[in-house]
Each structure stands twice: as structure tokens, then as C-alpha cells.
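*Asks:* Turn this into a structure:
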Amino acid sequence: MNNRISKLYEGLNNHELAALAFECLVNRNITELKRISSAVPRKTYTCSDMEYGERYDNLYIMSLHFRAEYWKLLALRTALIGFPYIKMAGGMDLEDDDLDNLQKTLSGSKQLALDKALQNVCAKYGIKPELVYTIASAEPFNLHSDNIEPDEATLAEMEYLLDMAVTPNDEKRHINTDNLPAYLQAEIREYLERC
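*Replies:* Here you go, the predicted structure:
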């Protein structure tokens, strides 16, 4: 860069240079954008390996996803406890699908599916599920019954969600979606095509 240009940007701090560069980008002034970029001081940084940082962040993000799903299911289950009685009294018109979903939530089938999904993903990535429960301020669902099986659709959906949170971005396209419900497979395909 010649002296004349360097003097033009001399004395500007990095925030001011960034604002000017943004304006050049919006106005499509690529030549000036390159000049500004070349005026930015060069520094060398030392940091943790990117793979480590990405996995660390993604494990935390996965824990937050689990936390949201856990508390959503618990709140829904708590709120729905009275619904069957309302239905029996004729006070609510529910479709069969709604009743099936309600029954799965109330029975704990969805909660068991969420727990199993967490166990599977934790085993895949070598972390202890208890750590995720701690972040989620949660504990495994204890349904006091051996007769309840995890809801398969919920299991597939939650396992996919938690796995996607941990998977590095450059590997996300290779996750198997065959076990997911068709509507979710279509949404994922559409999303990946846009990316």
C-alpha cells in the first residue's frame, strides 16, 4: 500500500476501519474495501485448537438443547394431567392423534425417549449423561413403571437433535436421517439444500 492511502486511514482505530469497510461492502466498492483491509494492523494470535473449541462449545449447546426439551416435556406433562378428565366429562373435543400424543406425554413415553436419546448421544461422544443433567438442572425421569417403552418417533427426533448439536458443521450433511419421521426428513433435506 502506498503512503498516500496509508495516511488516509492513519489514526483510525479498528472499529472505525471496520465501519468504513462495512460501508464499502454495502456499496460494493471492492477496491476501497481492499485498501481498508490492507491498512488494518496485522497480529499473530495463539489460541486453543479449533477442533477442541468447537467440540467444547457444541457439547454445551447440546446440553442446552436437552435442557429446553426436558423442561418443555415436564411442563407439558404437568399441564396435561387434567386433560383426560376434561375429555371424559365432554368438555374438550380432541382428535385421535391429539389423544395419542397426550397419552404418550402423560405416560412418560416421550420423557423416556428423551433420556434414551441423551444416553445414546453421550455414549457416542464419550461424555457422562450426569454432566448434561447437571447443566439442565434436571435428573433422569423416574416413572415408577417397567411397562412403559420410549416413544420411537420422539427417540429418533431427540437423538437427531442432540447429535446435530455436537456434530461439527462440516460433518452435518452426513448424519443418517432414516429413522426420523418423513415430515422431519423433508424439512432437513430442504434446510440442507438451502445451506
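*Asks:* what are the ranges of the helices in this structure?
*Replies:* Assigned by DSSP state H, the helices in the chain fall at 3-9, 14-26, 30-39, 50-80, 83-88, 96-107, 109-125, 129-135, 152-166, 182-194.
*Asks:* distance of Ile30 from Cys24?
*Replies:* The gap separating Ile30 from Cys24 is 8 Å, by C-beta to C-beta, to the nearest Å. (Glycine included, C-beta is placed from N, CA and C.)
*Asks:* Pick out whichever of those two has more residues nearby.
*Replies:* Taking other C-beta atoms under 10 Å, Ile30 and Cys24 do not tie; Cys24 has more neighbours (18 against 10).
*Asks:* quick one: pLDDT of the residue lying closest to Ser137 once chain neighbours are set aside?
*Replies:* In this structure, Ser137 finds its nearest non-sequential neighbour in Arg67, 7.2 Å apart by C-beta to C-beta, 6 or more residues apart in numbering. Note on Arg67: pLDDT of 96.
*Asks:* just the one 3 residues further on next, same as before
*Replies:* pLDDT, the model's per-residue confidence, is 94 for Tyr70.
*Asks:* what's the burial count for it?
*Replies:* 23.
*Asks:* cool, and Tyr52?
*Replies:* 10.
*Asks:* who touches Val166 in this structure?
*Replies:* Arg55, Asn58, Leu59, Ile61, Met62, Val121, Tyr125 (C-beta atoms under 8 Å, 6 or more residues apart in numbering).
*Asks:* Would you quantify the distance from it to Glu149?
*Replies:* Val166 is 26 Å from Glu149, by C-beta to C-beta.
*Asks:* Look at Arg189 and say how many residues are nearby.
*Replies:* By other C-beta under 10 Å, the residues close to Arg189 number 11.
*Asks:* quick one: contacts for it?
*Replies:* Contacts of Arg189 (C-beta under 8 Å, 6+ apart): Thr177.
*Asks:* what about it, distance to Tyr183?
*Replies:* For Arg189, the distance to Tyr183 - C-beta to C-beta - is 11 Å.
*Asks:* Same check on Leu118?
*Replies:* For Leu118 relative to Tyr183 (C-beta to C-beta), the value is 23 Å.
*Asks:* again with Met164
*Replies:* Shown here: Met164 relative to Tyr183, a distance of 17 Å by C-beta to C-beta.
*Asks:* Mind checking which of the two has more residues around it?
*Replies:* Between Met164 and Tyr183, counted using other C-beta under 10 Å, the more crowded position is Met164 (18 against 8).
*Asks:* And the pLDDT for Val166?
*Replies:* Val166 is assigned 90 on the pLDDT scale.
*Asks:* what do you get for Leu131?
*Replies:* 95.
*Asks:* So what's the residue count around it?
*Replies:* With other C-beta under 10 Å as criterion, Leu131 counts 12.
*Asks:* Quick check: Asp49 vs Ile188, distance?
*Replies:* For Asp49 relative to Ile188 (C-beta to C-beta), the value is 29 Å.
*Asks:* So for these two, which sits in the more crowded spot?
*Replies:* Per other C-beta under 10 Å, whichever of Asp49 and Ile188 has more neighbours is Ile188, with 17 against 8.
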